[in-house]
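In: how would this look folded up:
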Amino acid sequence: MSRKFLAHPSALILIAVTIMTAVAFWGCSATKRVGPIGPDGKPLTWSEMNIEQRKLHMKKVVLPLATTIFQQWRPERYAKVDCTLCHGVGDYTGDYHMPTDHLPRLSGELFLGPERAKYPDTTELKLNRLVPEMADALGVKRFNLITRRGFGCYSCHLGPKGPMFGH
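Out: Coordinates of the predicted model:
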């Protein structure tokens, strides 16, 4: 592309719209099949699994992954990791609905500014490792800032006034 073209305001708008469309489209990619084999002979997606299949997937895939992440981060604090880490008493009552008030509420501010300022290491670990690996383990799309959909911090944590981004 020539510099003359790039200097034109409509060209910059076209480039920005193209990039935003690509990012939004990427955020709408298909859900991955991560569960047990379904009637069609293919693994089930998270939304296709029943509660028992989801519990088994959490026990065999998600919990071991979360255990590894938390124990590598703070081995003394997370020597024993179980379902209550995320679900709190919901693990005992059978209420696994997320997000939950068991976990600390987040600010709701763009890019989690207050959380980054107060707990930079925790915020970075969760954004860069926990959230992406949990989304992959569940076979769900990662949160996309443009579409405001997908698995992210607010899939587990409530915002200042309750659930955010459709969770």
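In: Give the phi and psi angles for residue 162, as a check.
Out: With angles defined as degrees, to the nearest 10, residue 162 sits at phi 130, psi -160.
In: typo on my end, residue 37
Out: Residue torsions, per degrees, to the nearest 10, at residue 37 are phi -70, psi 130.
In: And it, how close does it get to residue 159?
Out: Going from residue 37 to residue 159 by Cβ to Cβ, to the nearest Å gives 37 Å. C-beta: built from backbone N, CA, C; applies to glycine.
In: again with residue 84
Out: For residue 84, the distance to residue 159 - Cβ to Cβ - is 22 Å.
In: Compare these two and say which is more crowded by neighbours.
Out: For the pair residue 84 and residue 159, the greater number of neighbours falls to residue 159 (17 against 13), based on other Cβ atoms under 10 Å.
In: ok, now which ones touch that one?
Out: Residue 159 is in contact with 105-108, counting by Cβ atoms under 8 Å, 6 or more residues apart in numbering.
In: try 7 Å this time
Out: For residue 159, the contact set (Cβ atoms under 7 Å, 6 or more residues apart in numbering) comprises 105-106, 108.
In: low-scoring pLDDT stretches of the protein, where are they?
Out: Counting by pLDDT under 70, the chain contains low-confidence ranges at 1-30.
In: quick one, helices of it?
Out: Taking DSSP state H, the helices of the chain run over residues 3-7, 9-27, 51-57, 63-73, 84-87, 90-93, 113-118, 120-125, 131-138.
In: does residue 132 really touch residue 142, like I thought?
Out: Yes. Residue 132 lies in contact with residue 142 (Cβ atoms under 7 Å); the separation is 6.1 Å.
In: any idea how far the closest residue to residue 47 other than its chain neighbours lies from residue 101?
Out: In space, and not counting its chain neighbours, residue 47 is closest to residue 31: 6.8 Å by Cβ to Cβ, 6 or more residues apart in numbering. Distance, residue 31 to residue 101, using Cβ to Cβ: 27 Å.
In: Tell me which of the two has more neighbours.
Out: Neighbour comparison, residue 31 and residue 101: the larger count goes to residue 31, with 13 against 10 (by other Cβ under 10 Å).
In: so how far is residue 136 from the more buried one?
Out: For residue 31, the distance to residue 136 - Cβ to Cβ - is 11 Å.
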